[in-house]
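>>> mind looking at a prediction? Sequence and model below.
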Amino acid sequence: LYQHYKSITFIELLMLVWVTLILLASRSCDGVKVNVKVVESHSQIGQGQAGLFRPGANKLTATRDPAPLCSHSALKQIVGKCYDIEVAEYKYVVCPFHNITQHEVALKWNAYHGILGIWSHWSYNSLYSTLTHGHYTDGDTCTKDDKTIPRVAFLHHTCGKRTSVVSVGEPDTCQYNITLQSPLFCHDVFSDVYSALPEQERGNFAKSTLEFKHNVLTEEGLRVERREILERIG
């Protein structure tokens, strides 16, 4: 009986050591986190991230963090907020300057949930110094012409009485055009790059404009110059 008791104690001791080692090993993951604003989903199945959409479920994961926001400070009023619209069987959620996601609203085990794009940069009219639309890149992958490519979304802005998503379209496979309206977009100061700059940077901006007009800078060079200016002012 004593020998039997000793053997049980030894086994229990081994189990205790084993569990302790597992717990210690798991501590090496402390401090690892994904700091990306996304919308909930349940699981990941197939291309994209599929699963039953329900509050409190696992979050979608992105491949990178959003890029810094380079624009008029007034736009910070909508940073951290999300706006959605339902089109056919899908809900589209726009979190300006964070990401855009798509969710199949059908209650089925493999309903689709995925990221259409993560905030990247502005497009603008080089000649008129005007912001036109935002690029959201590096979305979940999809298939086009037998190739696997990341989804990309273009967010267009228009004047409106309240901030909301007014339209969603997919003009080409894996590419999305989305329009967000807001009272913020009713003012020229939103789209006019020059008026949003401090005095010192206005001089740099005007200099780059002149260099572009006199063919000293290429259009790509002008874009780089202006992006650096916007990054400096935050």
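Noted; the coordinates are in hand.

>>> show the subsequent helix or strand relative to the lengthiest strand in the chain.
Longest strand in the chain by number of residues (criterion: DSSP state E): strand 112-125. Downstream of strand 112-125, the first helix or strand assigned by DSSP states H and E is strand 130-137.

>>> please save the CA atoms from whatever helix or strand comes next after that following strand in PDB.
Using DSSP H and E, the helix or strand that follows strand 130-137 towards the C-terminus is strand 141-144. What follows is strand 141-144 as a C-alpha-only set of coordinates in PDB (Å, rounded to 0.1, in the frame of the first residue of the first chain):
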ATOM      1  CA  THR A 141      -7.300  38.000 -50.300                       C
ATOM      2  CA  CYS A 142      -9.600  37.100 -53.100                       C
ATOM      3  CA  THR A 143      -9.200  35.500 -56.600                       C
ATOM      4  CA  LYS A 144      -9.000  37.500 -59.800                       C
END
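
>>> check the offset of strand 141-144 from the chain's centre.
18 Å (CA atoms, centre = their mean, to the nearest Å).

>>> Thr163 contacts Ser182, correct?
Yes - if you go by CB atoms under 8 Å, Thr163 and Ser182 touch, sitting 4.0 Å apart. In this view, the C-beta of every residue, glycine as well, is placed from N, C-alpha and C.

>>> ok, these two, which is more surrounded?
A count of neighbours by other CB atoms under 10 Å puts Ser182 above the other of Thr163 and Ser182, at 20 against 17.

>>> specify the beta-bridge partners of that one.
The partner list for Ser182 in beta bridges (DSSP bridges) reads Cys159.

>>> how close does it sit to Ser191?
Applying CB to CB, to the nearest Å, the value for Ser182 to Ser191 is 12 Å.

>>> what sits in contact with each of those two?
In the contact map built from CB atoms under 8 Å, 6 or more residues apart in numbering, the residues linked to both Ser182 and Ser191 are His157.
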